[in-house]
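Visitor: sequence first, predicted model second:
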Amino acid sequence: MTQPTLGVLALQGAFREHRQRLETLGATVKEVRLPADLHGLSGLIIPGGESTTMARLMTDYALLQPVRDFHTRGGAIWGTCAGAILLARDIQGAPPQFGVQDSLSLMDIQVRRNAFGRQVDSFTTPLKVTGLEQPFPAVFIRAPVIESVGEGVEVLAQHNGQVVLARQGRLMASSFHPELTPDPRLHELFLDLVNETVLETA
Amino acid sequence: MTDSQTGTLQVKQGFAQMFKGGVIMDVVTADQARIAEAAGATAVMALERVPADIRKDGGVARMSDPSMIKEIIGAVTIPVMAKARIGHIVEAQILQALGVDFIDESEVLTPADDQFHILKHGFKVPFVCGAKNLGEALRRIGEGASMIRTKGEAGTGNVIEAVRHARTILGEIRAIQTRPPEELMTVARDLQAPYDLIQYVHAHGKLPVVNFAAGGIATPADAALMMHLGLDGVFVGSGIFKSDNPERRAHAIVKAVTHFDNPDMLAEISENLGAPMTGINIDDLIPAERLASRGW
């Protein structure tokens, strides 16, 4: 089997860290800035950064629909922090001036932005994750939470009773930043998801 | 869970990573903050006067009125930064108490201390500091800064100093990488920088924190130039709200930072933005008017 190629949305934020982590795990990685960059990818990571900035740039360069189409064609997508917000069907805490915040509306979750407070409230914590033997060192930065999940969404981790990692088919959303710690286990989990998807669609 | 920790170096430096490839904009009102957020800014810097006006008005420039900072915090959902004077521990404490997300210990304000900068490790809120060269950048990181920016020459609309500082810092990093390990203590002495941070730069070829451009960026091309030189993102101060069409210019600079290595796209982005801020020729500034010489 040929190694699948993964993309990291590189409009803004910590895309380099995701890229490096995936490359360490042996994946071929492309940075995605324009719709044409999605060609030939099996998986896509939407990194942390500012969700309003990324949404604006996705709208400017008409990326929202191509990313949705990429998912429909069988692509797997993982959103971390701002990326999780962009995946959600329902976003709470959008800028008052926007009313509704643009998103991909792919995953059946409701997300609340900045749910833990401002930067002084940002924190790290060992997080119990379904399927991992040891807790994962999770970094939460002005992080969102997943307030509610629809049918078919599997909750993989909770912090103080709030959902912070979930999966629905070939979509994954985490409200923390696995790219900021050297622990590769969640990137491995996503690579497994991509590989499963590639096999199913083959 | 009881094992949660706040205010750690990882949380502070990690937050700065999230600004990368983005534009942080100076704003003086809640309306300007909303314009910046809608244009795609990754954060806003709340201050009373933009550097161009501080330069024009003269007098002592201090931390902004807390009510104005609170109003801006209430107006937008993106992170809000604010400036404290160099060495002004109490202004920084007040800004942290207000819930500001990042503090800029800034030479744009009139320094409160000409000898000592704030010990930033003692704060839960992260700090960004300006630097003209690598030694200065590493001294600030040694004190706990989670992010570095070039000083440039704020309020001039002239990018030359930001370019000079970026080239100096990145050039000094490259020079350190070529040195054998036994020479690093002497390098630390010459640059007046902490030895362990010199070792980090030698091993990794970069600063241990995010490194932004600031001080004189006025056009999308200026912003893209700073990215091209190898910086992680840009601060734009007077350049946006002292121009003819702040909305368009702000949005264009955001796009230029993402697509900095695509000249066709930059050409399109740079069209019809209206007049940029007029700007100042740096050669005309007498030494006392140079903000970059504040701090050491």
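Guide: Yes, it's here.
Visitor: which residues in the chain form strands?
Guide: With no chain named, the answer covers chain A. Chain-ordered strands for chain A, with DSSP state E as the definition, fall at A:5-9, A:28-32, A:43-46, A:76-80, A:88-92, A:107-112, A:123-127, A:136-140, A:145-149, A:154-159, A:162-168, A:171-174.
Visitor: chain B, not that one
Guide: Under DSSP E, chain B gives strands at B:5-6, B:23-27, B:43-46, B:80-85, B:102-106, B:127-131, B:147-150, B:210-212, B:234-236.
Visitor: how about low-confidence regions in chain B?
Guide: Applying pLDDT under 70 to chain B flags residues B:1-2.
Visitor: then chain A?
Guide: A:1-2, A:202.
Visitor: for it, which helix is longest?
Guide: With secondary structure taken from DSSP state H, chain A has its longest helix at helix A:185-201.
Visitor: can you give me the buried ones in that one?
Guide: Going by neighbour count (16 or more other CB atoms under 10 Å in any protein chain shown), the buried part of helix A:185-201 is A:Arg185, A:Leu186, A:His187, A:Leu189, A:Phe190, A:Leu191, A:Leu193, A:Val194, A:Asn195, A:Thr197, A:Val198. From N, CA and C alone the C-beta is placed, and that goes for glycine too.
Visitor: the closest residue to the first one other than its chain neighbours: neighbouring residues, count only.
Guide: Translated: A:Arg185. Leaving aside its chain neighbours, A:Arg185 sits nearest to A:Leu132 (5.8 Å; criterion: CB to CB, 6 or more residues apart in numbering or on different chains). A:Leu132: 16 surrounding residues under other CB atoms under 10 Å in any protein chain shown.
Visitor: could you measure from A:Leu132 over to A:Pro178?
Guide: Separation of A:Leu132 from A:Pro178 (CB to CB, to the nearest Å): 11 Å.
Visitor: okay, and the common contacts of these two?
Guide: A:Arg185 (CB atoms under 8 Å, 6 or more residues apart in numbering or on different chains).
Visitor: taking the buried residues of helix A:185-201, tell me the two that lie furthest apart.
Guide: The span of those, defined through CB to CB, is set by A:Arg185 and A:Val198 at 20.3 Å.
Visitor: what does the stretch 151-296 of chain B put close to chain A?
Guide: B:His251, B:Val254, B:Lys255, B:Val257, B:Thr258, B:His259, B:Asn262 (CB under 8 Å from any CB of the partner chain).
Visitor: buried members of those into ChimeraX, please.
Guide: The ChimeraX command for the buried members of those (criterion: 16+ other CB under 10 Å) is given here:
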select /B:251,254,255,257,258,259
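Visitor: which one of the residues of the stretch 151-296 of chain B next to chain A is nearest to chain A?
Guide: Chain A lies nearest to B:Thr258 out of those, by CB to the nearest CB, at 5.2 Å.
Visitor: list the residues that contact the closest one.
Guide: A:Ala10, A:Leu11, A:Gln12, A:Arg33, A:Leu57, B:Gly21 are the contacts of B:Thr258 under CB under 8 Å, 6+ apart.
Visitor: can the residues you listed go into JSON lines with extra columns for neighbour count and distance to B:Arg62?
Guide: Listed next are the contacts of B:Thr258 as JSON lines, based on neighbours: other CB atoms under 10 Å in any protein chain shown; distance: CB to CB, whole Å:
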{"residue": "A:Ala10", "neighbour count": "20", "distance to B:Arg62": "39"}
{"residue": "A:Leu11", "neighbour count": "29", "distance to B:Arg62": "36"}
{"residue": "A:Gln12", "neighbour count": "28", "distance to B:Arg62": "32"}
{"residue": "A:Arg33", "neighbour count": "20", "distance to B:Arg62": "41"}
{"residue": "A:Leu57", "neighbour count": "24", "distance to B:Arg62": "36"}
{"residue": "B:Gly21", "neighbour count": "27", "distance to B:Arg62": "32"}
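Visitor: nearest to B:Val80 among the residues you listed?
Guide: Among these, A:Gln12 lies closest to B:Val80 (CB to CB), at 17.7 Å.
Visitor: contacts only, for the closest one.
Guide: Applying CB under 8 Å, 6+ apart to A:Gln12 gives the contacts A:Gly49, A:Glu50, A:Thr53, A:Met54, A:Leu57, B:Lys20, B:Gly21, B:Gly22, B:Thr42, B:Val257, B:Thr258.
Visitor: biggest separation within those, which pair?
Guide: A:Leu57 and B:Lys20 (13.6 Å).
Visitor: mind listing the helices for chain B?
Guide: Going by DSSP H, chain B shows helices at B:9-17, B:30-39, B:51-57, B:66-75, B:89-98, B:134-142, B:160-177, B:184-191, B:195-204, B:220-229, B:238-241, B:246-258, B:263-269.
Visitor: for the third one, output the C-alpha coordinates as PDB.
Guide: Once non-C-alpha atoms are left out, helix B:51-57 reads as follows in PDB (Å, rounded to 0.1, in the frame of the first residue of the first chain):
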ATOM      1  CA  PRO B  51       2.600  55.400  17.800                       C
ATOM      2  CA  ALA B  52       2.300  58.000  15.000                       C
ATOM      3  CA  ASP B  53       0.200  60.100  17.400                       C
ATOM      4  CA  ILE B  54       2.400  59.500  20.400                       C
ATOM      5  CA  ARG B  55       5.300  60.700  18.200                       C
ATOM      6  CA  LYS B  56       3.300  63.800  17.200                       C
ATOM      7  CA  ASP B  57       1.900  64.700  20.500                       C
END
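Visitor: sort out which residues of it are buried, please.
Guide: In terms of neighbour count (16+ other CB under 10 Å), helix B:51-57 has its buried residues at B:Pro51, B:Ala52, B:Asp53, B:Ile54, B:Arg55.
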